[in-house]
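**Q** just to be clear, the model below is a prediction. Sequence and coordinates:
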Amino acid sequence: MQGHAQLVYPRSWTRGKPTLKGDYITISQPEEYQPYECANLVFDFSGLRTPKDVTAFVGQYGLLKRTEGLEKVTDILAEAAAVRLLFQMVIAIRRVDTSFLRDIWQISDFAKLFEAPPKDDDELLAQASVLVAWTINENLAGVPHGLIPEAAFEVDGVSGSPGIFLWVAYPDNLLQYIYYQLAMTINLKTPLASCTECGRIFKVEHGNQEYCSSRCSNRARIRRFREKRQPGQKQPQ
């Protein structure tokens, strides 16, 4: 073989200073970064619920499908809601929470994707699993894959190890990066939960963790304290 071997790395993405323009958002002062180095990308995205959330997200990660121009805020929120629902369905499947899944089937058109309604809980769990996989595959359709050394990346300030290789996707845009991270999170059986305080989906780090952050934990603790206070009792400053 003549010449030097060149390894093709997944494309970088562009983020910048976010600006809301009516119903749209754009970025200025662009800078490139590597989404694979952002461990919380899919979790941060699934937590978007307001235009303020979108502004903060775009400032940290960029627009979903373009590196410049405008994207509609409601479109970004709709994509975030779709990813959040997939997370919620995965959690429900793992916990065999067929009540949640049945509610989703009743208020959505998901049942129309199958030849017949689920006849029992086992079939409902199977249909939900198929739907999760199908949706993720549809959003990653046509995305090429390849092998790269882990040492090429640095996640949360920690460099990868030489001799370890990763089979990764080569997304064209940030939304595909998000769906690939979602797929890997599910495939690796990462423990997941929905924060009982704010509803955010998060990676469970220990035991029966109920809150996504110490902030939510403290907020819930203070609320419980206030609820238990006797009428007329002076609250500590």
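**A** Looks like it came in fine.
**Q** rest of the way, CA atoms for contacts and neighbours
**A** Fine.
**Q** quick one: average pLDDT of stretch 118-135?
**A** Across stretch 118-135, pLDDT averages out at 97.
**Q** and if you look at stretch 25-33?
**A** Regarding stretch 25-33, the rounded mean pLDDT is 97.
**Q** how far away from the center of its chain is the host helix or strand of residue 123?
**A** Taking DSSP states H and E as the definition, residue 123 sits inside helix 121-139. From the chain centre to the centre of helix 121-139 is a distance of 17 Å (C-alpha atoms, centre = their mean, to the nearest Å).
**Q** now the following helix or strand past it: buried residues?
**A** Once the chain leaves helix 121-139, the next helix or strand it forms, by DSSP H and E, is strand 145-149. By neighbour count on 16 or more other C-alpha atoms under 10 Å, the buried set for strand 145-149 is 148, 149.
**Q** who does strand 145-149 pair up with?
**A** Paired neighbours of strand 145-149 in the sheet (DSSP bridges): strand 165-169 (antiparallel).
**Q** can I get the strand it pairs with as PDB, trimmed to CA atoms?
**A** Taking Å, rounded to 0.1, in the frame of the first residue of the first chain, the C-alpha atoms of strand 165-169 are listed here in PDB:
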ATOM      1  CA  PHE A 165     -11.800   0.500  19.500                       C
ATOM      2  CA  LEU A 166     -15.300   1.700  19.000                       C
ATOM      3  CA  TRP A 167     -17.900   0.900  16.400                       C
ATOM      4  CA  VAL A 168     -19.600   4.200  15.800                       C
ATOM      5  CA  ALA A 169     -22.000   6.000  13.500                       C
END
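**Q** could you pull up the mean pLDDT of that strand?
**A** On average, strand 165-169 scores 91.
**Q** same check on stretch 224-236?
**A** On average, the pLDDT along stretch 224-236 is 66.
**Q** and what of stretch 56-73?
**A** Mean per-residue pLDDT for stretch 56-73: 97.
**Q** just want the most central residue of the chain.
**A** Centroid-nearest residue in the chain: residue 42, 2.5 Å away (criterion: C-alpha atoms, centre = their mean).
**Q** in contact with that residue, which residues?
**A** By C-alpha atoms under 8 Å, 6 or more residues apart in numbering, the contact set of residue 42 is 178, 179, 181, 182.
**Q** out of those residues, who's the most crowded?
**A** Within these, most neighbours by other C-alpha atoms under 10 Å means residue 178, with 26 neighbours.
**Q** okay, the helix or strand where that one lies in PDB with CA atoms only?
**A** Element membership for residue 178 (DSSP H and E) is helix 174-187. Output in PDB follows, covering the C-alpha atoms of helix 174-187 (Å, rounded to 0.1, in the frame of the first residue of the first chain):
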ATOM      1  CA  LEU A 174     -26.900  16.700  15.700                       C
ATOM      2  CA  LEU A 175     -30.300  15.000  15.800                       C
ATOM      3  CA  GLN A 176     -28.700  11.900  14.400                       C
ATOM      4  CA  TYR A 177     -26.000  12.100  17.100                       C
ATOM      5  CA  ILE A 178     -28.800  12.300  19.600                       C
ATOM      6  CA  TYR A 179     -30.600   9.200  18.300                       C
ATOM      7  CA  TYR A 180     -27.300   7.300  18.100                       C
ATOM      8  CA  GLN A 181     -26.500   8.100  21.800                       C
ATOM      9  CA  LEU A 182     -30.100   7.100  22.600                       C
ATOM     10  CA  ALA A 183     -29.600   3.800  20.800                       C
ATOM     11  CA  MET A 184     -26.300   3.100  22.600                       C
ATOM     12  CA  THR A 185     -27.800   4.100  26.000                       C
ATOM     13  CA  ILE A 186     -30.500   1.500  25.500                       C
ATOM     14  CA  ASN A 187     -28.200  -1.100  24.000                       C
END
